[in-house]
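Trainee: I'd like to go over a predicted model; first the sequence, then the structure.
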Amino acid sequence: MSPWNAVLAQVQKLKDQVTALPSIREATVTSVFPVSVRFDTDEASVDAYASISPGLAVGDRVLTVRLARYLWVLGRRGGTPDLRGAESITVGPGETGSVTIMFPVGYFKTAPLVFTALRTATPQDSRSSTNIPTTAGVTLYVYNDAVSALTRTVSWHAIQGG
């Protein structure tokens with residue numbers, strides 16, 4: 001057995017260890033379905049295994065990580081656009097109250113996903129909903145099933161969807 005065989009075996013072990021390490025690189029999105037990216041130093045696009053960043057668009061700059069043979073898109077440069085807040089709505093008995101939230105112009109590329117939570121200790125006397133959100137805004141509604149007026153706070157979170 002040649003002494004070079006032992007050296008080559010050790011080099012192969014080191015190569016395997018380095019290949020197994022995660023590598024993080026920036027790239028540009030070239031397709032969103034399926035997700036493909038092009039690295040700055042490459043001419044061809046590479047398909048990503050998965051994306052954990054909603055609302056990607058062609059041309060977005062993203063951070064990727066390659067782990068073993070899989071390429072993951074971790075997120076868009078600048079993050080995923082989102083807004084959140086809480087609104088108090090006063091409603092008469094048996095009535096519906098509302099408040100419209102306007103988003104900054106151009107903040108969302110497409111209509112965001114809007115999640116709400118009605119803060120109340122007595123959920124049986126009121127409920128909340130929204131209209132279909134647009135890039136311009138969303139309207140929150142509170143329905144009062146009680147026999148007296150009430151004020152409810154609705155927490156909301158709008159996030160750029162896919």
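Mentor: Right, received. Where do you want to start? Numbering: from 1, shown residues only.
Trainee: mind giving me the domain split of the chain?
Mentor: What the record gives for the chain is the domain set 3-76, 82-159, from automatic domain parsing.
Trainee: Adding mean neighbour count and mean pLDDT as columns, could you present these in TSV?
Mentor: Where C-beta positions appear, they are placed from N, C-alpha and C, glycine not excepted. Shown next, in TSV, are these (neighbours: other CB atoms under 10 Å; pLDDT from 0 to 100):
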stretch	mean neighbour count	mean pLDDT
domain 3-76	13	80
domain 82-159	15	89
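Trainee: if I look at Thr153, how far off is Thr134?
Mentor: Distance of Thr153 to Thr134, given as CB to CB, to the nearest Å: 23 Å.
Trainee: just the helices in the protein please.
Mentor: Taking DSSP state H, the helices of the chain run over residues 3-20.
Trainee: For it, just list every one of the strands.
Mentor: Assigned strands in the chain, in chain order: 23-32, 35-39, 46-47, 50-51, 61-67, 70-76, 82-91, 96-102, 113-119, 126-130, 137-144, 150-159 (criterion: DSSP state E).
Trainee: Out of those, the one nearest Ala6 is which?
Mentor: Nearest to Ala6, of all the strands of the chain, is strand 23-32, at 28.4 Å by CB to CB.
Trainee: same for the closest one, what does it pack against?
Mentor: strand 35-39, strand 61-67 (3 or more CB pairs under 8 Å, 6 or more residues apart in numbering; DSSP states H and E).
Trainee: what are the pairing partners of the last one, and which direction each?
Mentor: Pairing partners of strand 61-67, with direction, according to DSSP bridges: strand 23-32 (antiparallel), strand 70-76 (antiparallel).
Trainee: can you list these in CSV and add distance to Leu83?
Mentor: Output for the strands paired with strand 61-67, formatted as CSV (distance: least, CB to CB, whole Å):
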stretch, distance to Leu83
strand 23-32, 23
strand 70-76, 16
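Trainee: quick one: which of those strands is nearest Val58?
Mentor: Within these, the stretch nearest Val58 is strand 23-32; the backing value is 5.6 Å (CB to CB).
Trainee: follow-up on the earlier one: how about TSV for the strands of the chain, with distance to Val7 added?
Mentor: Formatted as TSV, those follow (distance: least, CB to CB, whole Å):
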stretch	distance to Val7
strand 23-32	26
strand 35-39	32
strand 46-47	33
strand 50-51	39
strand 61-67	28
strand 70-76	31
strand 82-91	54
strand 96-102	67
strand 113-119	56
strand 126-130	66
strand 137-144	65
strand 150-159	54
